[in-house]
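J.: Take a look and give me a structure for this.
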Amino acid sequence: SRLDSRTNVATVALSFNMPLFSGYAIQNRIKEALALEDKARTDLEAARRTVSQATRAAYFGVLSGQGQAKALEAAEASSLSALDANKLGYQVGVRINIDVLNAQSQLYQTKRDLARARYDVLVGGLRLRQANGSLTAQDLLPINAILVK
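T.: Residues are numbered from 1 along each chain as shown. Coordinates of the predicted model:
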């Protein structure tokens, strides 16, 4: 008789990898995440303070510029009056030509300073809008119209 011999061979493999010590990697990642969160909070607070300071400075700059412009408008009227008085004095012979020229020079210096103050108020207004985040292209149109004249 013949013997039937069959052989069944089965192999099972199992691999398991578990580090015994990972060097506190998880704890270090947690500490790093917390430090990054703290840095982000600090950066946000610094940005808020910077914006607040820029807005306050722009606002007070506009107020100061408006006051200066009003004062220079009064100075312009005074300089014009002084020029007229010097011209009249020159015509009647009680003033000399240099007095008229000095008064005229003072008037034009005042006009120059007034124009600069008005310009500073306009630019300060733009800076204020920029600082509070409301500056648009439409805000530039009136200023552009003034500069084109």
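J.: Spell out for me which residue occupies the centre of this structure.
T.: By Cα atoms, centre = their mean, the chain has its centre lying nearest to residue 131, at 4.7 Å.
J.: just checking, that one touches residue 60?
T.: No: counting by Cβ atoms under 8 Å, residue 131 does not reach residue 60; the two are 11.6 Å apart. Bear in mind the C-beta positions are built from the backbone N, C-alpha and C, glycine included.
J.: For residue 54, which three-state class applies?
T.: The three-state label given to residue 54 by DSSP: H, G, I helix; E, B strand; the rest coil is helix.
J.: again with residue 11
T.: Secondary structure, three-state DSSP: residue 11 is coil.
J.: List the contacts of it.
T.: Residues near residue 11 by Cβ atoms under 8 Å, 6 or more residues apart in numbering: none.
J.: pLDDT (mean, whole number) over stretch 78-94?
T.: Regarding stretch 78-94, the rounded mean pLDDT is 96.
J.: mind listing what the residue nearest to the centre of the chain touches?
T.: Neighbour list for residue 131: 51, 54, 55, 57, 58 [criterion: Cβ under 8 Å, 6+ apart].
J.: between the residues you listed, which has the most around it?
T.: Among those, the one with the most neighbours (other Cβ atoms under 10 Å) is residue 58, at 20 neighbours.
J.: ok, for it, nearest residue in space, not its chain neighbours?
T.: Sequence neighbours aside, residue 128 is the residue nearest to residue 58 in space, at 3.8 Å (criterion: Cβ to Cβ, 6 or more residues apart in numbering).
J.: if I read this right, the one you found contacts residue 59, doesn't it?
T.: Yes: contact criterion Cβ under 8 Å: residue 128 and residue 59 qualify, at 5.7 Å.
J.: Comparing those two, which residue is more hemmed in?
T.: More neighbours sit around residue 128 than around the other of residue 128 and residue 59, counting by other Cβ under 10 Å; the figures are 20 against 16.
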